[in-house]
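Novice: got a predicted structure here, sequence first:
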Amino acid sequence: MTGAVVVDIPLRWSDMDAQGHVNNVRISELVQESRNQAFYTNGAQEMLDTGIVVVSQDVEFLAPFVVDRSPLRVAVGCSQLGAARTVLDYRAWHHDVEVARARGTICPFDFATGRPRRLTEGEHGAFESMKVESQRWKPIKVVDVSETGDIVEVPIRWSDVDRQGHVNNVSLAGYLQEARILATTSWSPGMRRAGDHMWVVVRQDIRYRRQVLPAQRTCRVHTALTRLGTSSMTLAGSIATEEGSALDAATVLVCADPKTGTSVPIDDQTRQALSAHLVTVDG
């Protein structure tokens, strides 16, 4: 029997943000939680102890939702299965409304040797039991901006570190969010989460390049504006280390009416201020 594993993830009040809906980083955390819960269901739970690294994760945020007594229902399936790398697809619903979808590439990792490893026969069978068709995704460019853009130093917290001893990939997504908000609000007052419009994240693609260890103490996060449209923009983000970029990301923001949730044009004053920060990056 094959097909996605469906799990229910209870929501918490702390999942909400200042705009009154479940925060996009918290959705990424819920995706991570659904993956781990699915592993306990399909027999791949040993990977949670031996080690997994997330190579990439793309999330599309389809509809805002708020915390109530209903859980987030997530279907977790395997759309590509290799000797080591596995692509997982996720679809998430709240009150029968599809609110997000995601895909992520994971790889089993031997932290004792510091090397990726091949899937065991049992792990391969567990993922085979979750086979689903691949979802279609519009490609967006993810580039390295670790030598350009605005820089924000984000301190690493004790709680950001996972059981494998490195900063968790969801925590790193939170660093991107922190730097993005601080950078863009410094560019223009129109980027603040107040007034007659709001800014919503509709897509984020992240490519994880290197582990970040807590001994680093802070993360140097670069944010650069790479596209400015009528009602949306794309921001590139990178976390710099001495060895090179730890991750590169592309985040699409949309200017929206807070009452209707529909997209609205970026006002001229904000557009003019943002235009001064547009960069061109090869990649």
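Specialist: That came in fine, so what should we check first? From a predicted model like this one, the values you see are computed outputs, not experimental measurements. Residues are numbered from 1 along each chain as shown.

Novice: can we go C-alpha only for contacts and neighbour counts from here?
Specialist: Fine.

Novice: helices and strands around the strand or helix carrying E123, which ones?
Specialist: In this assignment (DSSP states H and E), E123 forms part of helix 121-128. If contacts are counted by 3 or more CA pairs under 8 Å, 6 or more residues apart in numbering; DSSP states H and E, helix 121-128 sits against strand 72-81.

Novice: ok, now how distant is R227 from R207?
Specialist: Per CA to CA, to the nearest Å, R227 is found 19 Å from R207.

Novice: repeat that for A276.
Specialist: Separation of A276 from R207 (CA to CA) stands at 27 Å.

Novice: who's more crowded, these two?
Specialist: Neighbours per residue (other CA atoms under 10 Å) separate A276 from R207, with R207 holding more: 22 against 10.

Novice: who touches the closest residue to S129 other than its chain neighbours in this structure?
Specialist: Distance criterion CA to CA, 6 or more residues apart in numbering; nearest residue to S129, sequence neighbours excluded, is T2 at 4.4 Å. With contact taken as CA atoms under 8 Å, 6 or more residues apart in numbering, T2 is in contact with 128-132.

Novice: which SS class is T2?
Specialist: Assigned by DSSP: H, G, I helix; E, B strand; the rest coil, the conformation of T2 is coil.

Novice: what of Q32?
Specialist: Note that with three-state DSSP, the state of Q32 is helix.

Novice: can you give me the neighbour number for G122?
Specialist: Using other CA under 10 Å, G122 has 12 neighbouring residues.

Novice: pull out the CA atoms of the helix or strand encompassing L253 and give them to me as PDB.
Specialist: Using DSSP H and E, L253 maps to strand 244-256. The C-alpha trace of strand 244-256 is given here as PDB (Å, rounded to 0.1, in the frame of the first residue of the first chain):
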ATOM      1  CA  GLY A 244      31.000  30.300   2.500                       C
ATOM      2  CA  SER A 245      27.200  30.700   2.500                       C
ATOM      3  CA  ALA A 246      25.400  28.400   5.000                       C
ATOM      4  CA  LEU A 247      22.200  28.800   3.100                       C
ATOM      5  CA  ASP A 248      20.700  30.800   0.200                       C
ATOM      6  CA  ALA A 249      17.000  31.700   0.000                       C
ATOM      7  CA  ALA A 250      14.400  33.500  -2.200                       C
ATOM      8  CA  THR A 251      11.300  35.000  -0.500                       C
ATOM      9  CA  VAL A 252       8.400  36.400  -2.400                       C
ATOM     10  CA  LEU A 253       6.400  39.100  -0.600                       C
ATOM     11  CA  VAL A 254       3.000  40.500  -1.700                       C
ATOM     12  CA  CYS A 255       1.500  43.800  -0.600                       C
ATOM     13  CA  ALA A 256      -2.100  43.000   0.400                       C
END
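
Novice: distance of the residue lying closest to R217 once chain neighbours are set aside from R85?
Specialist: Sequence neighbours aside, I156 is the residue nearest to R217 in space, at 5.4 Å (criterion: CA to CA, 6+ apart). Look at I156 and R85: by CA to CA, they are 28 Å apart.

Novice: return the distance of stretch 59-67 from the chain's centre.
Specialist: 13 Å (CA atoms, centre = their mean, to the nearest Å).

Novice: oh, I was asking about stretch 234-250
Specialist: Centroid separation for stretch 234-250 versus its chain: 13 Å, with CA atoms, centre = their mean.

Novice: can you check stretch 34-52 too?
Specialist: With CA atoms, centre = their mean, you get 19 Å for stretch 34-52.

Novice: what is the mean pLDDT for it?
Specialist: The average pLDDT for stretch 34-52 rounds to 82.

Novice: quick check, pLDDT for the residue nearest to S129.
Specialist: T2 carries a pLDDT score of 71 in this model.

Novice: tell me how far it lies from V66.
Specialist: Applying CA to CA, the value for T2 to V66 is 32 Å.

Novice: and A173, by the same measure?
Specialist: Per CA to CA, A173 is found 21 Å from V66.

Novice: still on that earlier bit, the contacts of T2, buried ones only, as a ChimeraX selection?
Specialist: The buried residues among the contacts of T2 can be selected in ChimeraX (16 or more other CA atoms under 10 Å) with this line:
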select :128,129,130,131,132
